[in-house]
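# A predicted structure for the sequence below; I have some questions about it.
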Amino acid sequence: MKEKKSISENIELPKGVNVELKDKLIKIKGAKGENSMSFNTKVAEVTVQDNQISLKAKGTGKVFKKQICTLIAHLRNMIKGVTDGFTYKLKICSGHFPMSVTSSGGSISVKNYFGEKTPRVLKIKQGAEVKVEGDTITVTGIDKSLCGQVAADIEKLASRTSFDRRIFQDGIYIINKAGKDIE
């Protein structure tokens, strides 16, 4: 009979990054700020030793491996966020009607979208910073999922349903996701 292999992984912490573990809450502190995540999994044990985070599955199999890999991806994103941060870039494209986009006071507003009289306004979630420079919108922050969600919300703000995107190309589109160009 084959011996079952246990699934365990270690994540090395860079210099200047501190980790706190309380019950099911992990707090990671770095140069850019603090990021926390609660994980409610019964599949893995998380421990912090010296300068690394150790994850050990309570069993073997696909479900355990998937949970461990998901936790590792989230933790690596948190570590990268507190050290470097994340940046998403969006491009403002307007053809016939000149659209104006402004960011102020925790909200972003799109005026004259397809000649609409009322501006479209989006309240920006806390933890993300939005800057509008010319025809480029930059979303920055330390939480990758939050920055991605804010960028998607801005893209959705300037979209028209039931219109062909190949013909009606006015809108705001994501062109760079956390360092990866989209074409």
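Thanks, I have the structure now. Numbering: from 1, shown residues only.

# can you tell me the helix or strand for Arg132?
Actually, residue 132 is Val. It isn't Arg. Counting by DSSP states H and E, the element that carries Val132 is strand 128-133.

# what about Val48, how many neighbours?
With neighbours defined by other CB atoms under 10 Å, the count for Val48 comes to 15. In this view, the C-beta of every residue, glycine as well, is placed from N, C-alpha and C.

# Now do the SS call for it.
Per DSSP: H, G, I helix; E, B strand; the rest coil, the local secondary structure of Val48 is strand.

# pLDDT score assigned to it?
In the predicted model, Val48 carries a pLDDT score of 90.

# cool, Phe168 as well?
79.

# For it, give its distance to Arg160.
Applying CB to CB, to the nearest Å, the value for Phe168 to Arg160 is 6 Å.

# what's the overlap in contacts for the two?
Phe114 (CB atoms under 8 Å, 6 or more residues apart in numbering).

# Show me how the chain divides into domains.
Domain ranges of the chain: 8-83, 86-181, per automatic domain parsing.

# Could you work out the end-to-end span of the first one for me?
Between the opening and closing residues of domain 8-83 we find a distance of 25 Å, counting by CA to CA, to the nearest Å.

# Same check on the longest one?
Domain 86-181 has its terminal residues 13 Å apart, counting by CA to CA.

# And for stretch 110-123?
Between the start and the finish of stretch 110-123 there is a gap of 12 Å, counting by CA to CA.

# what comes up buried for it?
110, 113, 122 (16 or more other CB atoms under 10 Å).

# go on, stretch 91-100?
Of the residues in stretch 91-100, those buried by neighbour count under the rule 16+ other CB under 10 Å are 92, 94, 99.

# Could you check how far Leu146 is from Lys89?
Counting by CB to CB, the separation of Leu146 from Lys89 is 16 Å.

# How about Asp84: what's its closest non-neighbour residue?
Ranked by CB to CB, 6 or more residues apart in numbering and with sequence neighbours excluded, the top spatial neighbour of Asp84 is Lys32, at 7.4 Å.

# which residues does the one you found contact?
By CB under 8 Å, 6+ apart, the residues touching Lys32 are 81-85, 142.

# mind running it again at 6 Å?
Counting by CB atoms under 6 Å, 6 or more residues apart in numbering, Lys32 makes contact with 82, 85, 142.

# number of nearby residues for the first one?
Right, the one you point to is Val82. 22.

# Just confirm it is within a helix.
Yes: under three-state DSSP, Val82 sits within a helix.
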